[in-house]
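K.L.:
next come a sequence and a model predicted from it.
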Amino acid sequence: MAITTGIVGAAGFAGIELTRLALRHPDFDLKVVTSNELAGTPVAAEYPGFTGATDLTFTTHDDPALDACDLVFLAVPHTAALAMAPQLVARGATVVDLSADFRLKDPAVYERWYATPHTAVDLLERAAFGLPELFPDDLERVAAACAAGEGVLVACAGCYPTATSLAAAPAVRAGLVQPDAVVVVDAISGVTGAGKKASTRTHFCFADENLEAYGVATHRHTPEIEQILGLEGRLVFTPHLAPLNRGLLSTVNLPLAPDAPADAGEIVELYRRFYADDPFVHVLPSGTMPKTSSVAGTNYAHVGLAVNATARMLVAVGAIDNLGKGAASQAVQCANAVRGLPQTRGLEPISVPV
Ligand SMILES: NC(=O)C1=CN([C@@H]2O[C@H](COP(=O)(O)OP(=O)(O)OC[C@H]3O[C@@H](n4cnc5c(N)ncnc54)[C@H](OP(=O)(O)O)[C@@H]3O)[C@@H](O)[C@H]2O)C=CC1
Ligand SMILES: CC(=O)N[C@@H](CCC(=O)OP(=O)(O)O)C(=O)O
C-alpha cells in the first residue's frame, strides 16, 4: 500500500530535491509539500521543471494534512526540526529529519556547537543515525519499532560528514589509522549546500569565480564527523565553497599505523569488501579519483584511494551530490530502510552524464 507522505520545507533546495524523488517513488504517495513563503503557489509555478509532473501546491508548515501522513520528511533548518519532530513521532509518524537536531548523541555537544538547548532528549536517545552504510543496525532497530506501529525518527547524516565518513570509515574501523594521530580533512561544497537564502558568501557575484575556506577550525560538522568515526578531538576539518551548484568532495588524510599496509591496491580491496553489500558506494580502482560530476543527481558516493608511502599517509577522497547522498536521496534511502523497502527503491541508478 502507498505510504502517505509529506515534506516540510519542500521549497528549499533539499526539500525540492526530495519532492522530485518522492513524486517518482513507487511506494510514496506525496500529499503535502510545505513552504510558508510560497503557500498557495503551485510547485510547478515556482519550479517550472515540475510542469506536467504534479498539481501539488505549497501549503503552510502547520498544514493539518500533515497529521494524515505516515511518512514526514523535515527539510527545515536546525531548531525547526527540534520543534516539530516530537509531536509527529508521538502520533505514530515515521519522521526523517535532514537537519542536525538529532544527529549528535550527546545533547551537551549539540548545545555547545549549535548554541541552543536540546529540548527533546528522550527522542534523541531513540533516534537512528541516518547513514545506512555505517550504521545499518541503528536503522534496523528503528525499522522494527516502525513495524510494531511506533512513531520513529531518523536523523540523516550531514553532507560533509557523509562524504568524509564514507571515505574514511573502512580504514578507521580496520585499525589502519595510527592511534592518536590527527586526521586532516579538506572538503569542498557546491553553493546549494548553503540553502536557498542568498548571503554575501553565496550571492552569485561573490561565489562565482571564487574559492574560499570558511568555518575554519569552527565548523559545526566537526563533532558529527568525530562522532561517526570515533575521532573525538583528533580532527582538523576545513570546508571550502566552490562555484558549483551541486557536488561535494572531501579529501581525508589518514596517517597509517606502523603495521598497516602501504599498498593502495590492498586497501582498495579492503574497502570493496567493507562496502560489498552497499549498492550506493563505489570504491574506484587504486589511484583513480572521484569526480562530483559522476554522482550528480544520484545517491551514489564514489571513493578514491591513494597512498603516499613516504609520508605513510592514506589519502581517501569521497565525492557525493550534497543534495543527493548528502541530503534528499539519503533521506529516501533511510525511509526505504525504515519502511521495509529495498534501499534502492525510487532512487536514480545513473548520474546526469555531462
Ligand atoms: N542543502 C544541502 O546540501 C543540505 C541541507 N541539509 C539540511 O536540510 C535542511 C534544509 O536545507 P536547505 O534545503 O539547504 O535549506 P533552504 O534554506 O534552501 O530551505 C529551508 C526550508 O525550510 C523552511 N523553513 C525555514 N524555517 C522554518 C521553520 N521555522 N519551520 C519550518 N520550516 C522552516 C523554509 O520554508 P519557506 O519556504 O517558508 O522559506 C524552506 O522551505 C537543513 O537542516 C539543512 O541543514 C542537509 C544536508 C545537505
Ligand atoms: C556550503 C555550505 O554552506 N554548506 C553548509 C552545510 C550544508 C548543510 O546543510 O548542513 P547539514 O548537512 O548539517 O544539514 C554549511 O557549511 O553550513
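P.N.:
Ah, there it is. Residues are numbered from 1 along each chain as shown. Ligands and ions are numbered 1, 2, ... in the order given.

K.L.:
so what's the residue in the chain that ligand 1 sits nearest to closest to, chain neighbours aside?
P.N.:
At 1.9 Å from ligand 1, G12 is the closest residue in the chain, using Cβ to the nearest ligand atom. Using the backbone N, CA and C atoms, a C-beta is placed for each residue, glycine as well. Using Cβ to Cβ, 6 or more residues apart in numbering and skipping the chain neighbours, the partner closest in space to G12 is K196 (5.2 Å).

K.L.:
tell me, how many residues neighbour the one you found?
P.N.:
Per other Cβ atoms under 10 Å, the neighbour tally for K196 reads 14.

K.L.:
and the residue of the chain most remote from its centre, what pLDDT?
P.N.:
Most distant residue from the mean C-alpha position of the chain: T310, 34.2 Å away (Cα atoms, centre = their mean). Note for T310: predicted pLDDT of 96.

K.L.:
any idea how far it is from A262?
P.N.:
9 Å (Cβ to Cβ, to the nearest Å).

K.L.:
equivalent analysis for S199, please.
P.N.:
Distance from S199 to A262, by Cβ to Cβ: 43 Å.

K.L.:
comparing those two, which residue is more hemmed in?
P.N.:
Between S199 and A262, counted using other Cβ under 10 Å, the more crowded position is A262 (16 against 10).

K.L.:
is it true that P170 lies in a strand?
P.N.:
No. Read with DSSP: H, G, I helix; E, B strand; the rest coil, P170 is helix and lies in no strand.

K.L.:
dump the residue contacts of I7.
P.N.:
G15, L18, T19, A22, L30, V32, V33, T34, V72, F73, A75 (Cβ atoms under 8 Å, 6 or more residues apart in numbering).

K.L.:
who's in contact with the residue of the stretch 1-150 of the chain found nearest ligand 2?
P.N.:
Residue nearest to ligand 2 within the stretch 1-150 of the chain: A100 (4.4 Å; Cβ to the nearest ligand atom). A100 sits next to H78, Y110, Y114, A155, G158, R220, E224 when contact means Cβ under 8 Å, 6+ apart.

K.L.:
just H219 next, same as before
P.N.:
Y160, F237, T238, P239.
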